[in-house]
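*Asks:* What follows is a protein structure lacking sequence information:
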Ligand SMILES: [Fe+2]
Ligand SMILES: [Fe+2]
C-alpha cells in the first residue's frame, strides 16, 4: 500500500465492491489513491473524517438506508472533500453537502466504473487547482494591500530621514532581506551641469544601512557615481541587479563588491538585489540595495552555517515587489524634496517681506522676529500646561509653524502706511518745526524793528536826557521780549516731544499761538491752528488721523495675506494676523471683536507684541521701558480686560521674556 500523501484520495468501498472489475478500472489511477474497505455503517462513518479527500463507492440501497447517519456526519465537516458514486440506479438518493455525485447503473462494467471514478478524480484535481489559484490570488491581494499600505505610509511621512528609514525597512520586510542600504543621488556643490550627462554634477550619498544580524555604526559618506561600485553601476545603467552571491561575481564583471564592511563587522553578504529609484521624470535619485534574502524573516544570520542554510537568492516576485516599492519611494523622496524647496522659497519670501518693512521702518528692526520667538515659545509652554483653563489646548507642529509665520508677518501691512507717519518720532514733522523756527525769527525781528522805530521816534522828538532813560527802558524791554521768545521756543521744542503733555503745557502753547507779527503788511500768527493742535497731542507723536492711518496696517496685512494661496496647514495665518490688535473687551481694532471671537493665537501675539513694543530699546523716539515695568503695564492691561490673563500668567511664569532680553541679543 502506498504511503498516504496530501495529494492522494481515499477510495472508500462499502461491502463487496472491491471486486476484480473495480481493481481493473483503477489501474490508470495507480499511486493516486488508497483503497479502504468498510463492512458496516459504523466503519463507514468512522472513515468519513475527511482529513483527506475521499470517494465513497456505495450501493444505492445501502446509501438509502444509511442516508440520515451519513448526512449527519458530513454536515459537521467540510463538504468539499467527499465524492459519492452510487452503484445501482433503482433508487435515486438526493444528497446535500456533497460536491461530486454520480450514479453507475447496473450491471456494473469496468468501463462504467473507470469513467465515473475518473470524473471524481478530475473533480478533485480541479478543486485543488481552484484552491491553488485562490491561494495565489489571496497572496497577491495581500501583497498589493501591503504595498498600498506602505505607499500611504511613505506619502504621509514628511520627515525625510524617517521616510528613508521607512523605505529601507519596508523593502526589507517585503523581500525578507536581512540587511540593506540606501543611497541618494545629490548635486555636487558648485559643479557645472551637463545636459548630455545627467550624472556630470552628481555624487552618491551613502545615506543609511540596516542589518538585523549585526550591530552597525556606519555614518553617511559621499562617493563618486561610477560603474565600479554596485550602487554606482545601478544608478548609471538604470538596471536592476539580482546577484545570487556577491562573493562569486564573474571575472569580467564591470563592478566589484566592496567587502570592507563585511570584514569589519564579520558579516557575509551573499544574495543581493539592487534597484534604481526613479522619479516620474525618469531621473535616478537613489539606489536601494537589499542584502541576504532569508527563508525565514526572523532568523539571525550569525554563522557561516546559517548563511548556507538560510540565505536564498531574491526571486522574480521580490524583484517585482521591491521595484514597485522603490518607485513609490522615489516619488515620496521627490515630493519631500519639492516640499522642502517650496518651504525654503516661502521662508525666503517671508524674510524678504520682513526686510521690506524694516527698510521702511528701521526703528522696528527685529520686532517681528522677536515677536515670533516669544509667541512660538509661548505656544510650546501652553502645550505642556496640565491645569487651568488652557490645560486642553495643544498646538501641533504645523500649528506652531503657522503661528511663527503669522507672528513674522503680523505687521507686514505697515508697508501700506506712509513712511513719514511710520517713522514719525515727534509731534511735528521736522519741516514743520523749521517753519515755526522761521516764524519765531521773524517775530523776534518784528519786535526789534518795532522798538527801533520807537527809539528813532524818541530821538527825533524828545530831549536828550529823557531819551536816554527811555531808550534804556526799551532795551530792557527788548531783552525781556527776547528771553520770552526763547522760553516760548523751548516750550515748543518740549511740547514737540512724544511724552505726556500737562494742562499748563497745552495752555502755554495756546498762548504762544496767539502771538502775532506783521510781515509785508499781513498779520501772521507764530503758530498755526494745525501746529497748536499737533503740539497739544496729549501723548505720543501721532495725531488722531495719523493714529488711524497706522491702525490701518492690520487691514493691509490681512488683505495682503489673504491673497496668498496658503496650503491647508497655514490657512489661518490671515485670520490670526487680522486679530492681533483686538482686545478681549471689544476695545481693540479694526473690528472690535470680543474675547470669544479672537483666535487664541492672536491673543498670544497681542501679549508678545505689546511686550516687545514696550521694551524695544532700538526706537529713537521712545525710551525702552525696563522689563519689570513692561510686565506691570501688561498686568494693568490684563486687569482692564484687554489681554488674556492665563496666557500672560504662563508668559511670566516661564520667563519667556528672557528669550529676547537685550543681553541675550547682544550675546548672539
Ligand atoms: Fe501691529
Ligand atoms: Fe507689532
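*Replies:* Received it, and whenever you're ready, just let me know what you need. If you're wondering where the values come from, they're calculated on a predicted model, not measured in any experiment. Numbers count the residues shown, from 1 in each chain. Ligands and ions are numbered 1, 2, ... in the order given.

*Asks:* For the residue of the stretch 101-250 of the chain at minimum distance from ligand 2, give me phi and psi.
*Replies:* As assessed by C-beta to the ion, ligand 2 sits closest to residue 158 within the stretch 101-250 of the chain, at 30.7 Å. For the C-beta atoms, the positions are set from N, CA and C on the backbone; glycine is no exception. Main-chain torsions, residue 158, degrees, to the nearest 10: phi -100, psi -20.

*Asks:* Next, count neighbours for the residue in the stretch 451-600 of the chain that ligand 2 sits nearest to.
*Replies:* Of all residues in the stretch 451-600 of the chain, residue 580 sits closest to ligand 2, at 7.2 Å by C-beta to the ion. With neighbours defined by other C-beta atoms under 10 Å, the count for residue 580 comes to 26.

*Asks:* gap between the spatially closest residue to it that is not a sequence neighbour and residue 407?
*Replies:* Of all residues beyond its chain neighbours, the one nearest residue 580 is residue 605 (4.4 Å), with distances taken as C-beta to C-beta, 6 or more residues apart in numbering. Relative to residue 407, residue 605 is positioned 6 Å away (criterion: C-beta to C-beta, to the nearest Å).

*Asks:* For beta bridges, what are the partners of the residue lying closest to residue 54 once chain neighbours are set aside?
*Replies:* Take residue 54 and drop its neighbours on the chain: the residue closest to it by C-beta to C-beta, 6+ apart is residue 10, 4.4 Å away. Note on residue 10: beta-bridge partners by DSSP bridges are residue 34, residue 54.

*Asks:* ok, so what distance separates the closest residue to residue 160 other than its chain neighbours from residue 124?
*Replies:* The shortest distance from residue 160 to any residue other than its chain neighbours is 4.8 Å, reached at residue 336 (C-beta to C-beta, 6+ apart). Counting by C-beta to C-beta, the separation of residue 336 from residue 124 is 54 Å.

*Asks:* The two: which has the busier surroundings?
*Replies:* Of the pair residue 336 and residue 124, residue 124 is the one with more neighbours under other C-beta under 10 Å, namely 23 against 19.

*Asks:* burial measure for the residue of the stretch 401-550 of the chain found nearest ligand 2, as a count.
*Replies:* The stretch 401-550 of the chain approaches ligand 2 most closely through residue 411 (4.3 Å), counting by C-beta to the ion. As a burial measure, residue 411 scores 24 neighbours (other C-beta under 10 Å).

*Asks:* Would you check how far apart it and residue 562 are?
*Replies:* Counting by C-beta to C-beta, the gap from residue 411 to residue 562 is 16 Å.

*Asks:* Repeat that for residue 368.
*Replies:* Shown here: residue 368 relative to residue 562, a distance of 19 Å by C-beta to C-beta.

*Asks:* Between these two, which has more neighbouring residues?
*Replies:* The neighbour count for residue 368 versus residue 562, taken as other C-beta under 10 Å, is higher for residue 368 (23 against 13).

*Asks:* quick one: which helix or strand includes the residue nearest to residue 160?
*Replies:* When elements are assigned from DSSP states H and E, residue 336 belongs to helix 316-360.

*Asks:* State the mean pLDDT of that helix.
*Replies:* Averaging pLDDT along helix 316-360 gives 86.

*Asks:* do stretch 460-480 as well
*Replies:* Taken as a whole, stretch 460-480 carries a mean pLDDT of 84.

*Asks:* re earlier: which ones are touching the residue of the stretch 451-600 of the chain closest to ligand 2?
*Replies:* By C-beta atoms under 8 Å, 6 or more residues apart in numbering, the residues touching residue 580 are 410, 554, 602, 605, 606, 609.

*Asks:* Backbone dihedrals for residue 591, both of them.
*Replies:* Dihedral angles phi and psi of residue 591 (degrees, to the nearest 10) take the values phi -110, psi -10.

*Asks:* Touching, it and residue 582? I think so.
*Replies:* Yes. In this structure, residue 591 sits in contact with residue 582. The criterion is C-beta atoms under 8 Å, and the distance is 6.7 Å.
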